[in-house]
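> Provide a 3D model corresponding to the input given below.
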Amino acid sequence: MLRNAMNNATILSGGAGDCREKETFSMEWKDVAKTVAKAAPVLATVLGGPAGAVAGAAGSLVASLFGVAPEPDEIARVLDDPQALVRLKELEKEHASLLLRWQATQLQAELDNVRSAREREVQLAKAGHGGAWVTGLVAIVVIVGFFWMLQAVVEMGQVNEPALLLLGSLGTAFGAVVNYYLGSSLGSYRKDALLGQGKPQGGSGNAAL
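Numbers count the residues shown, from 1 in each chain. Now for the predicted structure:
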């Protein structure tokens, strides 16, 4: 289960006493979102989105359902119960409009961040600053690295966990590159669609963030 997978790691040191020291790894909302996605994909998207007020509000919503503290570790412990996923599905249906509005808010924040980075790149280029080419160079390195690593993993005869972790990181970076260069119009369309779906119907009592 999710909680067990993220348990405290134990580091063993040699010697007569074999001293043992525990190093604690704290969960994040995106870790909880992986389990939530099995029953409530929209809620999981909000939980696993950019860290901030919206993700925190979604976490508080889930915490209030189970009567626990709004902390990823506490909610992960509750999700070990299969019945918890059934309750999450019901929660998503009940607060669908609110969750869609939260998702649109996160998407708008992402669009604003990309727009700001693009404007900065344009200003550097206009000023003749040497840093203007850095973004393009990083994009090329990420794209080449992603497809090279993808081919290497496919050709491996056995599972290599470090290689898969690296591929996952490069995949995330590849998505960011695509979003930076191609994502503005599509992102705006998605945001408008989410806002349209999230409009209260039939006098919904969900409160906005």
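
> Does the strand or helix carrying Val32 pack against any helices or strands, and if so which?
Counting by DSSP states H and E, the element that carries Val32 is helix 29-36. The criterion is 3 or more C-beta pairs under 8 Å, 6 or more residues apart in numbering; DSSP states H and E, and the helices and strands that helix 29-36 contacts are helix 2-5, helix 41-47, helix 53-66, helix 72-78, helix 82-94. Any C-beta I mention is one placed from the backbone N, CA and C, and that applies to glycine too.

> With mean pLDDT as new columns, can those helices be given to me in JSON lines?
As requested, those are arranged in JSON lines below (pLDDT from 0 to 100):
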{"stretch": "helix 2-5", "mean pLDDT": "49"}
{"stretch": "helix 41-47", "mean pLDDT": "88"}
{"stretch": "helix 53-66", "mean pLDDT": "90"}
{"stretch": "helix 72-78", "mean pLDDT": "92"}
{"stretch": "helix 82-94", "mean pLDDT": "93"}
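
> so which of those helices comes closest to Met149?
If you check each of the helices and strands packed on helix 29-36 against Met149 by C-beta to C-beta, helix 2-5 wins as the nearest, at 23.8 Å.

> For Leu98, see how far away the residue nearest to Leu65 when sequence neighbours are not counted is.
Nearest in space to Leu65, with sequence neighbours left out and distances taken as C-beta to C-beta, 6 or more residues apart in numbering, is Leu91 at 5.4 Å. According to C-beta to C-beta, to the nearest Å, Leu91 and Leu98 sit 11 Å apart.
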